[in-house]
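Chemist: Predicted model follows, preceded by the sequence.
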Amino acid sequence: MPMTINRVVVIVLDSVGIGELPDAAAFGDVGSHTLGSMARVVGGLKVPNLEKMGLGNIAILDGVLPQTEPTAVYGKMAEISAGKDTTTGHWELMGIELKQAFPLYPDGFPPEVMERFEAEIGRGTLGNYPASGTIILNELGEEHMATGKPIVYTSGDSVFQIAAHEEIIPIDELYHMCHVAREILRGEHEVSRIIARPFVGEPGNFTRTANRHDYSVVPPQPTLLDKIEAAGQMVYAIGKINDIFVGQGITDYVTTQDNMDGVDKTIAALKERTEKGFIFTNLVDFDAKFGHRNNPAGYANCLAEFDQRLPEIVAALTDDDVLAITADHGNDPVTPSTDHSREYVPVLIIGKPVKAGVNIGVRRTFGDLAATIAEMLGVERPLIGTSFMQEILAD
């Protein structure tokens, strides 16, 4: 008789994609392969624990050998939603298909947006063009400090980002500006996220701080999180998960400073939050610190750091826990683009209730994970996805 599952834990390795999707050309991402490109450029990944789980069974990766007896369920999932951003990816992981893409602004935001924004915050702005977050600080940070004007920029994703030095524009005021922007950017201009990007330092040596805050769009339909909460179970969010879902369907949450803090808080939750339900972690450094900055060596080191902590996470699982490791999109640090890439995402699942070494193949949608979790926890199914629970349950 299959074991009862008390908790499911999902860790999203933000942007750790595993090869271009068939429709990558429509997104300008032909040839993107976040893990593969990075592995090739650095001379092989050093991820022995992910290797044992079966990462090298999903795709050919330099330094990662396929296993004859992998310790985890393994496979990859395709994205069917119209986008390749954080919000879209996480929503689909939780059972929502976004049919219409969020708007993009390759030429910056139009006057009707910027003029109203400046009027409501009582300041002019700098920038208003697509840029890398670190590069635009080098370009405009000194002028920002001299004028007090916030830096507004976007990227290849549907985002309105506001950067400000914490000693020039206090955090609370920056957050207020984000609230203003969120209310303005509705209807045809409803971007997926407004992002506060505070930084510190001096010209030539600016550093973004951990006080980033995301203001997402409310999910248009109930997600798996809502269904778990409605069943009276725990939904514990770690990292930027609460921001992505605007608190919808989340019973408790904690923010994080960086990946290792996210791992620490995931382990703490496994030890302390013993009630039935769902623990949902996002580890953002892969994307924010290395993918967007086209830094494959840093990305590979970041992945190795996570891999070193993986045994601690697995050791914290109880006999009725299931852990899934996946991603939300790609961000190939080797291609010229510094934006997200349209890729498959890996999925590795481990725990006493599941059979090691099951190949779940290529799943049609990220939503298959949501459907599987719903069945494991005995809650209402999400709107999309096909459960593979029966394929992987231990006898």
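Modeler: The structure has been received and is ready for your questions. Numbering: from 1, shown residues only.
Chemist: For this protein, just list every one of the helices.
Modeler: Shown for the chain, the helices assigned by DSSP state H span residues 34-42, 48-53, 55-58, 86-93, 111-121, 133-147, 171-184, 224-230, 241-244, 259-272, 285, 296-316, 367-377, 389-392.
Chemist: Show me where the stretch 251-395 of the chain dips below the pLDDT cut-off.
Modeler: Applying pLDDT under 70 to the stretch 251-395 of the chain flags no residue at all.
Chemist: how about a cut-off of 90?
Modeler: The stretch 251-395 of the chain contains residues with pLDDT under 90 at 338, 395.
Chemist: What does the pLDDT read for residue 157?
Modeler: With respect to pLDDT, residue 157 has a value of 85.
Chemist: got a list of what it touches?
Modeler: Residue 157 sits next to 84, 85, 86, 104, 192, 193, 339, 340 when contact means Cβ atoms under 8 Å, 6 or more residues apart in numbering. (C-beta placed from N, C-alpha, C; glycine too.)
Chemist: Quick check: of those, which lies closest to residue 299?
Modeler: Nearest to residue 299 among the contacts of residue 157, counting by Cβ to Cβ, is residue 340 at 13.7 Å.
Chemist: That closest one - how many residues pack around it?
Modeler: 30 (other Cβ atoms under 10 Å).
Chemist: repeat for residue 253
Modeler: Applying other Cβ under 10 Å, we find 17 residues neighbouring residue 253.
Chemist: Residue 271 contacts residue 315, correct?
Modeler: No. Under the criterion of Cβ atoms under 8 Å, residue 271 is not in contact with residue 315, lying 10.3 Å apart.
Chemist: Pretty sure residue 116 sits against residue 184.
Modeler: Yes. With contact defined as Cβ under 8 Å, residue 116 counts as touching residue 184 (5.5 Å).
Chemist: So between these two, which is more surrounded?
Modeler: A direct count of neighbours by other Cβ under 10 Å for residue 116 and residue 184 places residue 184 higher, at 19 against 15.
Chemist: wait, the more buried one sits on residue 115?
Modeler: No. Residue 184 lies out of contact with residue 115 (Cβ under 8 Å); the separation is 10.1 Å.
Chemist: now residue 249, nearest residue through space, not along the chain?
Modeler: Using Cβ to Cβ, 6 or more residues apart in numbering and skipping the chain neighbours, the partner closest in space to residue 249 is residue 225 (2.9 Å).
Chemist: tally of neighbours for that neighbour?
Modeler: Going by other Cβ under 10 Å, the residues that sit close to residue 225 add up to 25.
Chemist: what sits against it?
Modeler: 94, 235, 245, 248, 249, 250, 278, 280.
Chemist: farthest-separated two in these?
Modeler: Greatest spacing in the contacts of residue 225, by Cβ to Cβ: 248 and 278 (13.6 Å).
Chemist: The contacts of residue 225 in strands, which ones?
Modeler: Filtering the contacts of residue 225 for membership in strands, criterion DSSP state E, returns 235, 278, 280.
Chemist: ok, those vs residue 11, which is closest?
Modeler: Of all these, residue 280 has the smallest distance to residue 11: 8.5 Å, by Cβ to Cβ.
Chemist: in the sheet, who's paired with the closest residue to residue 247 other than its chain neighbours?
Modeler: The shortest distance from residue 247 to any non-neighbouring residue, by Cβ to Cβ, 6+ apart, is to residue 253 (7.6 Å). Beta-bridge pairing of residue 253 under DSSP bridges involves residue 237.
Chemist: Contacts only, for residue 253.
Modeler: Residue 253 makes contact with 236, 237, 238, 241, 242, 247 under the criterion Cβ under 8 Å, 6+ apart.
Chemist: Now the buried members of these.
Modeler: If you count burial by 16 or more other Cβ atoms under 10 Å, the buried members of the contacts of residue 253 come out as 236, 237, 238, 241, 242.
Chemist: And the furthest pair within those?
Modeler: Maximum pairwise distance among the buried ones among the contacts of residue 253 (Cβ to Cβ): 9.9 Å, between 236 and 242.
Chemist: Find residues that contact each of those two.
Modeler: Here residue 236 and residue 242 have 250, 253 as joint contacts, going by Cβ under 8 Å, 6+ apart.
Chemist: would CSV of the ones in strands among the contacts of residue 225 with neighbour count be doable?
Modeler: Output for the ones in strands among the contacts of residue 225, formatted as CSV (neighbours: other Cβ atoms under 10 Å):
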residue, neighbour count
235, 25
278, 26
280, 31
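Chemist: rewinding a little: mind listing which of the contacts of residue 157 are in strands?
Modeler: Reading strands off those with DSSP E, I get residue 193.
Chemist: From the contacts of residue 157, pick the one nearest residue 175.
Modeler: residue 193 (13.8 Å).
Chemist: dump the residue contacts of that closest one.
Modeler: Applying Cβ under 8 Å, 6+ apart, we find residue 193 in contact with 85, 86, 87, 157, 158, 159, 160, 214, 215, 216, 217.
Chemist: go on, residue 190?
Modeler: By Cβ under 8 Å, 6+ apart, the residues touching residue 190 are 102, 103, 217.
Chemist: Please give me every residue in contact with residue 260.
Modeler: Counted by Cβ under 8 Å, 6+ apart, residue 260 has contacts 305, 309.
Chemist: And residue 358, by the same measure?
Modeler: By Cβ under 8 Å, 6+ apart, the contact list for residue 358 reads 73, 74, 391, 392.
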